[in-house]
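Asks: Okay, sequence plus prediction incoming.
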Amino acid sequence: MSVVTIQAVNKIFGKAPNQTVALQDIQLEIEQGEFISLIGPSGCGKSTLLRIIGDLITPTNGTVLVNGKPAEKARLDRDYGIVFQAPVLFDWRSVEKNVQLPLEIMGKSSQERVARANQMLELVELNGFQKHYPYQLSGGMQQRVSIARALSFHPQLLLMDEPFGALDEITRERLNAELLNIWSHTKTTIVFVTHSIPEAVFLSTRVVVMSARPGRITQVIPIDLAQPRGMETREQPRFYELVTQVREALRGSEGIK
Amino acid sequence: MTAPTQKTLTASRAASNKASRVAWSDRVRYYLPTLLIFFAVLILWESLVRAFGVKQFILPAPSAILEAFFGSLTQMINLGLYTGAEALGGFIIGCSLGIGVSLATSRWTTARETLLPVAIAANSVPIIAFAPVMNNWFGVSNQFSKMAIVAVITFFPMMINMTRGLTLVEPSALELMRSYAVSEWTVLKEVRIPNSLPYMFNAFKVCSTLALIGAVVGEFFGGTRDALGVYITQEAAQFRFQNSWAAIVIACLLGIGFYLIIVAVERLAIPWHASVRKTDQ
């Protein structure tokens, strides 16, 4: 069953004559267990598309189904977890309380909350930091807390909006590997917005290449690198071929430069 | 990615223990210059008054002020308690109203957008000018007339700051809450109110000073002999300036005490905020 179905979606911001076509005629089908990256230049609407899947933005027209339901129903059913570029942790909550936030909102018992938070912090390798506060953590650690929070209620779908965009290259590569590990453990379907070509290739099962003004999907590139992937994946010739392929697709999508 | 080992955790705990051990000498080093300057000013003041034979009605020496202060300590304390009660009462009324109104308007954007400019405009009115009016409305010898002045003075800064704190929320925090499909009430409870606490304590600090100014200046326009403001003006009128100065000392102590209580509560209430948290991490 497909987890996300997007049919003929358009998004227009503003009113004529100052309107911007953020997304034009988007068609996309995402299957259970896929890892999809949306890549494209700034202003191509990739973050807008992610927010439309999460029903944080309503499309101007078109259909969006998540788990076979309209996107709004899926949001109301809390079918997905979301991670932003900023960790968006609450300063007044300790690490474990931040992770427990969605569980509190869903009215889970405190026993279950503690157990799940511990399990999630274990998963993102932050065991022992339960009582710390966000300001005591590095940027990379904060983002891992944010991932733990998004996964704490075991959503089937994880939406990630440039989650590692603000981190340095070394931390980013580490977290990429860690995210793949989490993905294979949890079998969560992931939609991942990024600017980085190697990141998209390394992580994804398919890379969706988008172009700007108007935002369109120009190409969908399947990534056939073997699973599980690790540091050595980045050194394979196939990795470079795919990086080149995505780069050329991006270049083509922007016209000759 | 290496897992955070027990070793690194113990190390960070050891570091914070060490920090609390050296805290005393740090604290002394931190406050010492302030104390030195304070006493240096007092000594300079005393010696200048003596050296130039400054008339006591122009500027009494610190020693004379202290003598007057301790000479009538009970009366000074009573003056402080009387005016302090007015300031505190008005502070509580004004701040509660300010918090209440901003909570109400934070829910309705239109209410906020119409009210906030009015509040900001009203905040720039020298509200103390209404003191004689309040004395007239509630009775000059009634402590409530001073509380009313203080309440009006403290209301606007409280409301404006609180509204900022409730509305200046990270947009993605609101998106996160929307993804959880929660009610506006939950957003208020989980995001807006905690986010507003640092702003609220800031307003408390501003208002604590304003409250004392309001109470004392309100008393300048009339009140009973138990009031600091009345005492200050009457003693000054009879050229017993050392007594006025002694009363000013009480007013200062009240103000400092008030402020310190707020700072202490702030530390307990929002230990996570950048203005309060320890920087040894």
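Replies: Structure's in. What do you need? Numbering: from 1, shown residues only, chains lettered A, B, ... in the order given.

Asks: and the residue nearest to the spatial centre of chain A, helix, strand or coil?
Replies: Central residue of chain A (CA atoms, centre = their mean): residue A:160, 2.1 Å from the mean position. With DSSP: H, G, I helix; E, B strand; the rest coil as the basis, residue A:160 sits in strand.

Asks: Give the bridge partners for it, please.
Replies: Judged by DSSP bridges, the bridge partners of residue A:160 are residue A:83, residue A:192.

Asks: contacting residues around it?
Replies: With contact set as CB atoms under 8 Å, 6 or more residues apart in numbering or on different chains, residue A:160 has these partners: A:50, A:82, A:83, A:190, A:191, A:192, A:193. Just so you know, the C-beta spots here come from the backbone N, C-alpha and C atoms, and that holds for glycine as well.

Asks: Now residue A:96: closest residue in space, sequence neighbours ignored.
Replies: Counting by CB to CB, 6 or more residues apart in numbering or on different chains, residue A:96 lies nearest to residue A:130, which is 4.0 Å off, once chain neighbours are set aside.

Asks: and residue B:52, what are its phi and psi?
Replies: Here is the backbone geometry of residue B:52 (degrees, to the nearest 10): phi -100, psi 0.

Asks: and residue B:63, what does it touch?
Replies: residue B:46.

Asks: Could I get the pLDDT score of residue A:183?
Replies: Listed pLDDT for residue A:183 reads 93.

Asks: do the same with residue A:123
Replies: Value for residue A:123, per-residue pLDDT: 87.

Asks: The residue lying closest to it once chain neighbours are set aside - how many residues pack around it?
Replies: Leaving out its chain neighbours, the residue that sits closest to residue A:123 by CB to CB, 6+ apart is residue A:182, at 5.9 Å. As a burial measure, residue A:182 scores 21 neighbours (other CB atoms under 10 Å in any protein chain shown).

Asks: same thing with the one 4 residues further on?
Replies: By the criterion of other CB under 10 Å, residue A:186 has 17 neighbours.

Asks: What of residue A:123?
Replies: Neighbour count for residue A:123, taken as other CB under 10 Å: 19.

Asks: Same question for residue B:47.
Replies: With other CB under 10 Å as criterion, residue B:47 counts 11.

Asks: Check the one 10 residues further on too.
Replies: Here the count is done by other CB under 10 Å, and residue B:57 has 12 residues near it.

Asks: For it, give me its contacts.
Replies: When contacts are counted by CB under 8 Å, 6+ apart, residue B:57 touches B:239, B:241.

Asks: now it: how far from residue B:232?
Replies: Applying CB to CB, to the nearest Å, one obtains 14 Å for the distance of residue B:57 from residue B:232.

Asks: And for residue A:207?
Replies: The span separating residue A:207 from residue B:232 equals 77 Å under the rule CB to CB.

Asks: now do residue B:43
Replies: Per CB to CB, residue B:43 is found 25 Å from residue B:232.

Asks: swap in residue A:46?
Replies: Taking CB to CB, one finds residue A:46 at 68 Å from residue B:232.

Asks: Would you mark the buried spots in the helix or strand that the residue nearest to residue A:123 is a member of?
Replies: Using DSSP states H and E, the element containing residue A:182 is helix A:169-186. Within helix A:169-186, the residues that qualify as buried by neighbour count (16 or more other CB atoms under 10 Å in any protein chain shown) are A:171-183, A:186.

Asks: Next: stretch A:221-234.
Replies: Residues A:221, A:223, A:225, A:229, A:233, A:234 are the ones in stretch A:221-234 that count as buried (16+ other CB under 10 Å).

Asks: now, among those, which is nearest to residue A:124?
Replies: Distance to residue A:124, by CB to CB, is smallest for residue A:229 among the buried residues of stretch A:221-234, at 18.2 Å.

Asks: Look up how far residue A:158 lies from the residue nearest to that closest one when sequence neighbours are not counted.
Replies: Distances taken as CB to CB, 6+ apart put residue A:180 closest to residue A:229, at 5.8 Å, once the chain neighbours are dropped. Note on residue A:180: its distance to residue A:158, by CB to CB, is 13 Å.

Asks: ok, back up a step: so which of the buried residues of stretch A:221-234 are in strands?
Replies: If you go by DSSP state E, the buried residues of stretch A:221-234 have residue A:221 in strands.

Asks: so can I have CSV of the buried residues of stretch A:221-234 showing pLDDT?
Replies: Converted to CSV, these look like this (pLDDT from 0 to 100):
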residue, pLDDT
A:221, 95
A:223, 94
A:225, 91
A:229, 91
A:233, 91
A:234, 91
